[in-house]
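Engineer: Coordinates for the following, if possible.
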Amino acid sequence: MRAPRTTQTQVWMLRMVTHPDGVEAGFAAARDEGLLPPGVDDPEDLVVPGDRMTAFERLHVYGYAYFARLLDILEDEYPVACALIGDGARDLLKRFLVEHPSRTYTLGRLSVGFPDWVEEHAGACVSDVARIERALEEVIDAVTEDPLAHEALTAIPMEDWAALHLRPSASMVLFPLRHRVNAVMNAHKRGEELVLPSPSPEPLFGCVHRQGFTPWRREVNAVQHALLATLRAGGTLGDALEAALDVEGADPQALLGSLGDWFADWMGDGLFAAID
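Structural biologist: Numbering: from 1, shown residues only. Okay, the predicted model is just below:
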């Protein structure tokens, strides 16, 4: 069991080095909030100054490093969103950290709320990009599965397809989008100028999954989303087709004509893991 003074010193130190306005403001806040250990009136009462640095300057190293490390992580997770925001991106990321400080043992959960939060501060298009970038991070931790070969499906007689349980990869996530931002992300990858797209006139969804160590992203329409969401929920291929046909505006002839190409494309990218 920690001694009371040790615990209070840790609380004081945390308050100082995580204050967004610097360690001087952190020390003042700790004093005002009654967090200073007994007998401490100045940082030098706990932190020994060095030959070249005062106690505040030594503490500043930790205060700077705290935000610098977390900001670097967020910039790595959201490169396209930051590019769209522009010069103020790092300041905006720091605002997010101040309002949503790290609360878990893993930095993998640091930015879970960022896509929703950034919409209010940078718009729906940036939020859509951030939603995809967050999904690309999350699929890294999903169970690794070998992809199902397209031949495994084509080898089954078509009259048996309706009863098939075609299971998507455990890493697959689906989420709504409002803009066609996949092209923006591709342009960023190629080093091209980024142009914000107009809102999509039709329902649009993002689909992200991982094949091996490679994350994949794509946009799917409402009919494709109904197919994939039903299969992910454990429905048969017949159930998925019924769900797709129930989508408002779905064209049965167009659906049947596109189905083979869709599945060939999806399976080529390793979107499915098994036939159960």
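
Engineer: Figure out how far stretch 68-82 is from the centre of its chain.
Structural biologist: Stretch 68-82 has its C-alpha centroid displaced from the chain centroid by 11 Å (C-alpha atoms, centre = their mean, to the nearest Å).

Engineer: Kindly report the same for stretch 36-56.
Structural biologist: On the basis of C-alpha atoms, centre = their mean, stretch 36-56 is displaced by 40 Å from the centre of the chain it belongs to.

Engineer: what does stretch 181-200 give?
Structural biologist: Relative to the chain's own centre, stretch 181-200 is displaced by 18 Å; criterion: C-alpha atoms, centre = their mean.

Engineer: Just want the most central residue of the chain.
Structural biologist: The central residue of the chain, meaning the one whose C-alpha is nearest the mean C-alpha position (C-alpha atoms, centre = their mean), is Arg134 at 1.3 Å.

Engineer: Can I take it that it is in a helix?
Structural biologist: Yes: in this structure, Arg134 lies within a helix as judged by DSSP: H, G, I helix; E, B strand; the rest coil.

Engineer: Name the nearest residue to it, sequence neighbours excluded.
Structural biologist: Of all residues not flanking Arg134 in the chain, Pro115 sits nearest, at 5.3 Å (C-beta to C-beta, 6 or more residues apart in numbering). In short, each C-beta sits where N, CA and C put it, glycine included.

Engineer: Report the separation between the one you found and Val181.
Structural biologist: As for Pro115, its distance to Val181 is 12 Å (criterion: C-beta to C-beta, to the nearest Å).

Engineer: which stretches of the stretch 151-276 of the chain have low pLDDT?
Structural biologist: Within the stretch 151-276 of the chain, the set of residues satisfying pLDDT under 70 is empty.

Engineer: what about the strands in it?
Structural biologist: Counting by DSSP state E, counting those that start in this stretch, the segments of the stretch 151-276 of the chain that form strands are 166-168, 173-179, 199-211, 214-221, 272-275.

Engineer: So for Pro115 and Val181, which sits in the more crowded spot?
Structural biologist: Looking at Pro115 and Val181 with other C-beta atoms under 10 Å, you find the greater number of neighbours at Val181, namely 30 against 21.

Engineer: distance of that one from Gly123?
Structural biologist: Relative to Gly123, Val181 is positioned 11 Å away (criterion: C-beta to C-beta).

Engineer: try Val11
Structural biologist: Using C-beta to C-beta, which is the criterion applied here, Val11 is 38 Å from Gly123.

Engineer: what mean pLDDT does stretch 9-22 have?
Structural biologist: For stretch 9-22, mean pLDDT is 86.

Engineer: Test my guess that Val208 contacts Ala135.
Structural biologist: Yes: using C-beta atoms under 8 Å as the test, Val208 is close enough to Ala135 to be in contact (3.9 Å).

Engineer: hey, what's in contact with both of the two?
Structural biologist: Taking C-beta atoms under 8 Å, 6 or more residues apart in numbering as the contact rule, the neighbours common to Val208 and Ala135 are Val173, Arg217.

Engineer: From Thr9, how far off is the residue in the chain sticking out farthest from the centre?
Structural biologist: Summary for the chain: using C-alpha atoms, centre = their mean, the residue whose C-alpha lies farthest from the chain's mean C-alpha position is Gly39, with a distance of 44.8 Å. Between Gly39 and Thr9 the distance is 11 Å, computed by C-beta to C-beta.
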